[in-house]
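A.B. asks: here is my input; please provide its structure:
(2 chains)
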There are 2 protein chains.
Amino acid sequence: MRTYLDCIPCFFNQALRAGRIATNDENKLKNLLDEIGLMLRHIPLENTPPETGMLIYEKVREITGEIDPYKKIKRESTEKALTLYSSLKNEVEKSNDSLLTAIRIAIAGNVIDFGVSMDFDIEKEINEVLKKDFAIFDYYKFREYLDNTDEILYIGDNAGESVFDRILIEEMKKPVIYVVREIPVINDVTYEDALQAGIDKVASILSSGTSAPGIVLRTCSAEFKRVYKNSKFVISKGQGNYEGLSDEKHPIFFLLKAKCWVIANDIGVNKGDIVLKGINV
Amino acid sequence: MRTYLDCIPCFFNQALRAGRIATNDENKLKNLLDEIGLMLRHIPLENTPPETGMLIYEKVREITGEIDPYKKIKRESTEKALTLYSSLKNEVEKSNDSLLTAIRIAIAGNVIDFGVSMDFDIEKEINEVLKKDFAIFDYYKFREYLDNTDEILYIGDNAGESVFDRILIEEMKKPVIYVVREIPVINDVTYEDALQAGIDKVASILSSGTSAPGIVLRTCSAEFKRVYKNSKFVISKGQGNYEGLSDEKHPIFFLLKAKCWVIANDIGVNKGDIVLKGINV
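C.D. replies: Now for the predicted structure:
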């Protein structure tokens, strides 16, 4: 997805939100925003938003000196999600379509996104997403791809959300490579977070090699690009990965909640909608 | 009021909103935001937001070549407000406290603010504000000042809103100098807009001399500053004038609806609250 003009004020909001978690020093925060201001003219609208996100969160690290401002928040998100794990497994088991219920749960977990907001209620979200209609529902294609694959490349999004991904991974009953960010960026899932969520028990974990808050292929490692290229079934979680991958010529299934109206417009749905969208499938 | 860090993303939103009314050219709009980005480090947090607003809207004019993007919108706002004039006059006449009702109506008119949003319903707003409790209610001081003054300096805010100001001016039954912006900025009231609202029938009209979207004294004309200095009873409408004047050492009554949470925090009220606040009184 390209950068829309409306993404620009949002870049400043994101920098401010992340900066404030790292420091209370108003001069540093002003300096951070000033630096983003200077960067702006070097960011063409053709870039995907996570390419810019990468630069923004680099600046946050550089100016605040804090390399992982969301560390504590991420740990707590995962702990919280783990307390819900058993009851969500029950939910899947008792449902008529356990795969679909697991997909819904994985999407509900996508609300744990500090890049968008600090304010969400995960239990309320789960209850809503379990009942909500999909705005795009390429479920039958998804099942077809799942039946015909011998390996799934599952691109994770946020820490905490990974616990919900684990439930879907367990339900798909096929070998999974779970992709994490190379270094901490916002509350995106890293290797350490995936371990805390128990992903290592159900999948092999691979770093994308990027520090962007979304898959930006040109910034990914050669190894990730090779695995991606050879993969026949890619699941991409969340907005950041959608932004980075939506123009790819590869079969990908996007699972997300459209939390931002710019992304919702780009997908062709309304803000708040849940989406299971396959491209090139 | 100082600039808060949260004002910075909002500056970009404001530039984008005004720019889009002036042009559809995405390159020009990107250029506009880039230029605001470059300006940012020269804007200290000590500045009041309308000082920055002045620079932003200058850039909008310079880059889009459109000196009055809100011209049509302003004319339509005033026309719409004029259709409500008679029924609002009735509302005042039939009320127990006609001055207070006129104050409420003048505050309701403050919702016509394209600096904050394009999305409001003036009739709904009037019905709400006529019944709503004030979060700050310095009404008795206001009456006392009104009784003891022989001239009121009334600083207008937005076009359209002026029709509602006229109702309050008529109700106060004292000579009024009504202050307008020197040149068009957002949908702020200018001399031409005030004439369309019929302000000339009830007050003398004076330009502040500034192109800031709020009174920033250092940018005002010598004439305005003299009148302001000598005035014993100043009424200031709206957020922009509050931002510019809130730290003044002069008796001023602010009439506004807190439409933005940053300003609401600065005043010590909640977003959406209505305020009749006197300072130095």
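
A.B. asks: for the rest of this, base every contact and every neighbour count on C-alpha atoms.
C.D. replies: Noted.

A.B. asks: get me the contact residues on chain A for chain B.
C.D. replies: A:5-6, A:8-10, A:12-13, A:16, A:26, A:29-31, A:33-41 (CA under 8 Å from any CA of the partner chain).

A.B. asks: using PDB, list the CA coordinates for the helix or strand where A:V180 lies.
C.D. replies: Under the criterion of DSSP states H and E, A:V180 resides in strand A:176-180. Output of strand A:176-180 as PDB, limited to C-alpha atoms (Å, rounded to 0.1, in the frame of the first residue of the first chain):
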ATOM      1  CA  VAL A 176       4.200 -23.600  10.200                       C
ATOM      2  CA  ILE A 177       7.100 -21.100   9.900                       C
ATOM      3  CA  TYR A 178       6.200 -18.200  12.100                       C
ATOM      4  CA  VAL A 179       7.800 -14.900  11.100                       C
ATOM      5  CA  VAL A 180       8.900 -12.300  13.700                       C
END
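
A.B. asks: ok, residues contacting the next helix or strand after it?
C.D. replies: Reading on from strand A:176-180 to the C-terminus, the next helix or strand found by DSSP H and E is helix A:191-196. Under the contact criterion CA atoms under 8 Å, 6 or more residues apart in numbering or on different chains, helix A:191-196 has outside partners A:74-75, A:78, A:159-160, A:162, A:180-182, A:200, A:205-207.

A.B. asks: CA atoms only: put the top helix by length along chain A into CSV for me.
C.D. replies: Identified as the longest helix of chain A according to DSSP state H is helix A:71-94. This file holds the C-alpha atoms of helix A:71-94, laid out as CSV (Å, rounded to 0.1, in the frame of the first residue of the first chain):
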residue,chain,number,x,y,z
LYS,A,71,9.2,-4.1,26.3
LYS,A,72,7.1,-4.1,29.5
ILE,A,73,3.9,-3.5,27.6
LYS,A,74,4.6,-6.4,25.3
ARG,A,75,5.4,-8.8,28.1
GLU,A,76,2.2,-7.9,29.9
SER,A,77,0.2,-8.2,26.7
THR,A,78,1.5,-11.7,26.2
GLU,A,79,0.9,-12.6,29.9
LYS,A,80,-2.7,-11.3,29.6
ALA,A,81,-3.3,-13.3,26.4
LEU,A,82,-1.9,-16.5,27.9
THR,A,83,-4.5,-16.3,30.7
LEU,A,84,-7.2,-16.4,28.0
TYR,A,85,-5.6,-19.3,26.1
SER,A,86,-7.5,-22.2,27.7
SER,A,87,-10.9,-20.6,27.4
LEU,A,88,-10.2,-19.7,23.8
LYS,A,89,-9.2,-23.3,23.1
ASN,A,90,-12.5,-24.4,24.6
GLU,A,91,-14.3,-21.9,22.4
VAL,A,92,-12.6,-23.5,19.3
GLU,A,93,-13.4,-27.0,20.4
LYS,A,94,-17.0,-26.5,21.0
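
A.B. asks: that helix packs against which elements?
C.D. replies: helix A:98-109, helix A:161-172, helix A:191-196 (3 or more CA pairs under 8 Å, 6 or more residues apart in numbering or on different chains; DSSP states H and E).

A.B. asks: and those as TSV, adding mean neighbour count and mean pLDDT?
C.D. replies: Compiled in TSV, the helices and strands packed on helix A:71-94 are given as follows (neighbours: other CA atoms under 10 Å in any protein chain shown; pLDDT from 0 to 100):
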stretch	mean neighbour count	mean pLDDT
helix A:98-109	24	96
helix A:161-172	25	97
helix A:191-196	20	97
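
A.B. asks: of those helices, which is nearest B:L82?
C.D. replies: helix A:98-109 (49.3 Å; CA to CA).

A.B. asks: circling back to that earlier point, the helices and strands packed on helix A:71-94 into a markdown table, with extra columns for distance to A:S86?
C.D. replies: Below are those laid out as a markdown table (distance: least, CA to CA, whole Å):
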| stretch | distance to A:S86 |
| --- | --- |
| helix A:98-109 | 12 |
| helix A:161-172 | 10 |
| helix A:191-196 | 16 |
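
A.B. asks: check contacts around the residue nearest to the spatial centre of chain A.
C.D. replies: Among the residues of chain A, the one closest to the centroid is A:D157, at 2.5 Å (CA atoms, centre = their mean). Contact analysis of A:D157 by CA under 8 Å, 6+ apart lists A:110, A:180, A:188-189, A:214, A:237-238, A:240-241.

A.B. asks: which member of those residues is positioned nearest chain B?
C.D. replies: Closest approach between these and chain B, by CA to the nearest CA: A:G240, at 20.3 Å.

A.B. asks: now for that closest one: which residues touch it?
C.D. replies: A:49-50, A:157, A:213-215.

A.B. asks: let's see it at 10 Å
C.D. replies: A:G240 sits next to A:1, A:48-51, A:53, A:113, A:115, A:157-158, A:188, A:212-216, A:256, A:263 when contact means CA atoms under 10 Å, 6 or more residues apart in numbering or on different chains.

A.B. asks: cool, A:T78 as well?
C.D. replies: A:84, A:112, A:158-164, A:189, A:193-194, A:196-198.

A.B. asks: if we go to 7 Å?
C.D. replies: A:T78 is in contact with A:159-160, A:163, A:197, counting by CA atoms under 7 Å, 6 or more residues apart in numbering or on different chains.

A.B. asks: how many other residues sit next to A:P175?
C.D. replies: Neighbourhood size, A:P175 [other CA atoms under 10 Å in any protein chain shown]: 16.
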